[in-house]
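J.: Quick one, fold the following:
(one chain, ligands or ions: 1)
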Amino acid sequence: MVYQIYVRSFADSGSDGIGDLPGITGRIAYLADLGVDAVWLTPFYPSPQRDHGYDVADYLGVEPTYGDLADIDALIEQCHAHGLHVLADIVPNHCSSDHRWFRDALAAPPGSPARDRFYFRDGIGPDGAQPPNNWSAVFGGSAWTRVADGQWYLATFTPWQPDLDWENPAVVASFDEILRFWYARGIDGFRVDAVTHLGKAPGLPDAPPPPVGARETDVAAHNPYATYWPSAHEVWRHWRDVTDDFEREHPGRQLVTVAEAYTARRPDLLVDYVRPDEFHQAFSFDLMLAPWHPAAIRRAIDDTVQELSAVGAAMTWTLNNHDTQRSVTRYGRADAADPASWSGNNLVASHAPVDLAVGTRRARAAVVLLAGLPGSMYLYAGEELGLPEVLDMPDAARADPVFLRTCGRERGRDGCRVPLPWTTDVSTAFGFSRGSSTPWLPQPDTWRSFAVAVEERDPTSMLQLYREVLAARRTHVLDDETLAWLDVHANLVGFRRAGIIVVLNPTAVPVAVGDELARAELVLSSSAQGATWSGIVAPDTAVWLRA
Ligand code: GLC
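T.: From the prediction side, this is the model:
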């Protein structure tokens, strides 16, 4: 099980209100206790932080606010000492506009090799005043930005994140060096950012119009010339070679790469990324974004399992990350159970009212289900505390470029990135900082009741459930990768893995499972009411049984 740490928001070893590497090192015992096998650190490289590290200004260093190379070395060493692997996050589609490569490109004339690392083009129309094509950026607006000498450059996300041209061998060579640099420092693998955007159609043709009514932040995903472009797979195959070579040269090292590929209910597209000579893993986001409805949940799992097992690839499940609304809020939306509420976009569109009690019950059930699935599982820091999305953050405090680039039409992702509460001490931002601090995103007063120190003492807390779930997963199911569906009842999602039967009731009505399962032994329950088993699965509840 891999635990995602949003570095800015996990733990601040000082008092600047920003999480850092020594802060994480100081909390490794907590992660080991939770039952984590590996951590994934969001980008910790020097960055102007306009997309909070996903705008990298130097791939071979450490952001000074987070520490230095000695701090990352210490973190890796301590993780390894506790039996945890460390995955870094690498961003190949674009770098920061502050990166030396881009500064050199701006300083060089049109047509120069420095510009060839990027997509610089002349504009069209009189004086080239129109962008070279009609492509939109993922976070809103045009994907093109004009520079002082009149040329334009392509930036799929924001103007501060210019796209790299992977047809250029210099780009390929630079990243070979970067991968090897971090592997040599002890990093055990990479989560690879935004892989579906890398590679563009030759000639950068105009995109066909998006579907009528597409959201501003959906338009780019409909551009067939800039999404899932097949040339990217040559890059991934090459990365796999670099990774495999490093492993061969360093016996005993085992490396993992995991692709961030949003494929919007097209697991047939996802499969390409986990071909045997590409990534080891690729997140399946369909379950995360599925409605809380039995048929939809089963379909999200089954489609992924069918596609991926047909090619022998491992499944990679998750319920949360730093780009989507936290699950207790998402599942608590009044329309969450509507089978039509499928979302292909991680920026959840629903504004339906939220019932956190319902959402929390469902999020508990969801993790009990997820932990039973074959493959690997990722969780996002704070999920184990049941933190809700912070929906009422003042606009002035928001820092996400999604909010800024859409002029507030999209609220963005700040609400899932609020610094974690460790204690009830308000003066230290609930123990997030060591000294008194103002955290970089404001914490609501309710954070107090979600603090680790509080949940550790409460047997019904989300934290205790996660500990129990992760322990049960290790004990009962990890050595069997097969899933067999059980048709128990139309309102239930049920399957068998290893000797365990997992049953979820994602409806508001209690469901009886029948005599045979009623006689089974209860291994785990998502219910906070104490674990008894009488053959009835309560609403929004999941159980593990052993027959
Ligand atoms: C990925 C990251 C997201 C970032 C974007 C651009 O989707 O997860 O946080 O904003 O890529 O790098």
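J.: Which residue ranges of the stretch 1-150 of the chain form helices?
T.: With helices called from DSSP state H, counting those that start in this stretch, the stretch 1-150 of the chain shows them at 7-10, 21-25, 28-34, 69-81, 100-107.
J.: Output these in TSV; the columns should cover mean pLDDT.
T.: Shown next, in TSV, are the helices of the stretch 1-150 of the chain (pLDDT from 0 to 100):
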stretch	mean pLDDT
helix 7-10	98
helix 21-25	98
helix 28-34	97
helix 69-81	98
helix 100-107	98
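J.: Quick check: residues of the stretch 1-150 of the chain near the ligand?
T.: Counting by C-beta under 6 Å from any ligand atom, the residues of the stretch 1-150 of the chain lying close to the ligand are Asp51, Tyr54, Val91. The way it works is simple: take the backbone N, C-alpha and C, and place the C-beta from them, glycine included.
J.: burial of the closest residue to the ligand within the stretch 51-200 of the chain, as a residue count?
T.: At 3.3 Å from the ligand, Tyr54 is the closest residue in the stretch 51-200 of the chain, using C-beta to the nearest ligand atom. By other C-beta atoms under 10 Å, the residues close to Tyr54 number 26.
J.: Format the helices of the stretch 1-150 of the chain as CSV; extra columns: mean neighbour count.
T.: Converted to CSV, the helices of the stretch 1-150 of the chain look like this (neighbours: other C-beta atoms under 10 Å):
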stretch, mean neighbour count
helix 7-10, 25
helix 21-25, 24
helix 28-34, 15
helix 69-81, 17
helix 100-107, 17
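J.: Next one, pLDDT for the closest residue to the residue of the stretch 51-200 of the chain closest to the ligand other than its chain neighbours please.
T.: What sits nearest to Tyr54 in space, not counting adjacent residues and going by C-beta to C-beta, 6 or more residues apart in numbering, is Val91, at 5.5 Å. On the pLDDT scale, Val91 is placed at 98.
J.: Name the nearest residue to the residue most central in space within the chain, ignoring sequence neighbours.
T.: Closest residue to the average C-alpha location of the chain: Asn321 at 3.8 Å, with C-alpha atoms, centre = their mean. Computed as C-beta to C-beta, 6+ apart, the closest residue to Asn321 that is not its neighbour in sequence is Tyr380, at 5.1 Å.
J.: got the phi/psi numbers for the one you found?
T.: For Tyr380, the backbone dihedrals are phi -110, psi 130 (criterion: degrees, to the nearest 10).
J.: I'd like the numbering to begin with 4 instead of 1 from here.
T.: Got it, the first residue is 4 from now on, which makes the last one we talked about Tyr383.
J.: Any residues of this protein in contact with the ligand? List them.
T.: Listed as neighbours of the ligand in the chain under the rule C-beta under 6 Å from any ligand atom: Asp54, Tyr57, Val94, Phe160, Asp196, Ala197, Glu263, His325, Asp326.
J.: residues contacting the third one?
T.: The neighbourhood of Val94, defined by C-beta atoms under 8 Å, 6 or more residues apart in numbering, consists of Pro46, Tyr57, Asp58, Val59, Asp196, Ala197.
J.: Contact partners for Val174?
T.: Counting by C-beta under 8 Å, 6+ apart, Val174 touches Arg120, Leu167, Asp168.
J.: pLDDT value on the residue of the stretch 204-353 of the chain found nearest the ligand, please?
T.: Proximity of the stretch 204-353 of the chain to the ligand (C-beta to the nearest ligand atom) peaks at Asp326, 4.8 Å away. The pLDDT attached to Asp326 in the predicted structure is 98.
J.: How about Asp247?
T.: 98.
J.: Over to it. Which of the three states is it?
T.: For Asp247, the assignment made with DSSP: H, G, I helix; E, B strand; the rest coil gives helix.
J.: The residue of the chain most remote from its centre and Val496, how far apart?
T.: Distance from the C-alpha centroid of the chain, by C-alpha atoms, centre = their mean, peaks at Pro129 (43.1 Å). Going from Pro129 to Val496 by C-beta to C-beta, to the nearest Å gives 60 Å.
J.: buried stuff in stretch 90-100?
T.: Residues of stretch 90-100 classed as buried under the neighbour-count rule (16 or more other C-beta atoms under 10 Å) are Leu90, Ala91, Asp92, Ile93, Val94, Pro95, Asn96, His97, Cys98, Ser99, Ser100.
J.: could I have that stretch exported to CSV, CA atoms only?
T.: Provided in CSV are the C-alpha atoms of stretch 90-100 (Å, rounded to 0.1, in the frame of the first residue of the first chain):
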residue,chain,number,x,y,z
LEU,A,90,8.6,7.0,-4.8
ALA,A,91,9.3,10.5,-6.1
ASP,A,92,7.1,12.4,-8.5
ILE,A,93,8.5,13.3,-11.9
VAL,A,94,7.0,15.8,-14.3
PRO,A,95,8.1,15.1,-17.9
ASN,A,96,5.4,16.9,-20.0
HIS,A,97,6.5,20.3,-18.9
CYS,A,98,8.9,22.2,-16.7
SER,A,99,8.6,25.6,-15.0
SER,A,100,9.0,28.7,-17.0
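J.: Quick check: mean pLDDT of stretch 346-361?
T.: Rounded mean pLDDT across stretch 346-361 is 92.
J.: Now do it: everything it contacts.
T.: 218, 220-221, 224, 265, 267-268, 288, 291-292, 324, 326-328, 331-339, 344, 391, 394, 405, 413, 415-416, 543.
J.: Could you turn the buried ones of those into a PyMOL selection?
T.: To isolate the buried ones among the contacts of stretch 346-361 in PyMOL, judged by 16+ other C-beta under 10 Å, type:
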select buried, resi 218+220+221+224+265+267+268+288+291+292+324+326+327+328+331+332+333+334+335+336+339+344+391+405+413+415+416+543
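J.: quick one, domains of this structure?
T.: Domain segmentation of the chain under automatic domain parsing yields 5-98+172-468, 103-157, 486-549.
J.: Just name the most buried of those.
T.: domain 5-98+172-468 (a mean of 19; mean count of other C-beta atoms under 10 Å).
J.: centre of the chain versus that one, how much separation?
T.: 2 Å (C-alpha atoms, centre = their mean, to the nearest Å).
J.: Nearest to Val429, out of the residues of the stretch 4-153 of the chain next to the ligand: which one, please.
T.: Asp54 (29.8 Å; C-beta to C-beta).
J.: Could you find the closest non-adjacent residue to the closest one?
T.: Spatial nearest neighbour of Asp54, excluding adjacent residues (C-beta to C-beta, 6+ apart): Pro404 at 5.3 Å.
J.: Now for the one you found: which residues touch it?
T.: Arg53, Asp54, Phe142, Phe160, Thr161, Trp163, Gly415 are the contacts of Pro404 under C-beta under 8 Å, 6+ apart.
J.: Cys82 contacts Ile31, doesn't it?
T.: Yes: counting by C-beta atoms under 8 Å, Cys82 touches Ile31, with 6.1 Å between them.
J.: Isn't Trp443 up against Gly20?
T.: Yes: counting by C-beta under 8 Å, Trp443 touches Gly20, with 5.1 Å between them.
J.: Could you name every residue contacting both of the two?
T.: Jointly contacting Trp443 and Gly20 under the rule C-beta under 8 Å, 6+ apart are Pro422.
J.: Can you measure across stretch 194-203, start residue to end residue?
T.: With C-alpha to C-alpha, to the nearest Å as the measure, stretch 194-203 spans 21 Å from end to end.
J.: One more: stretch 157-165?
T.: OK, stretch 157-165 end separation, C-alpha to C-alpha: 6 Å.
J.: how far does that stretch sit from the chain's center?
T.: On C-alpha atoms, centre = their mean, the centre of stretch 157-165 falls 20 Å from the chain's centre.
J.: neighbouring contacts of it?
T.: Contacts of stretch 157-165 (C-beta under 8 Å, 6+ apart): 51, 53-54, 57-58, 96-101, 105, 108, 121-122, 124, 135, 138, 140-142, 146-148, 156, 166, 197, 200, 203, 207, 223, 229, 404, 408.
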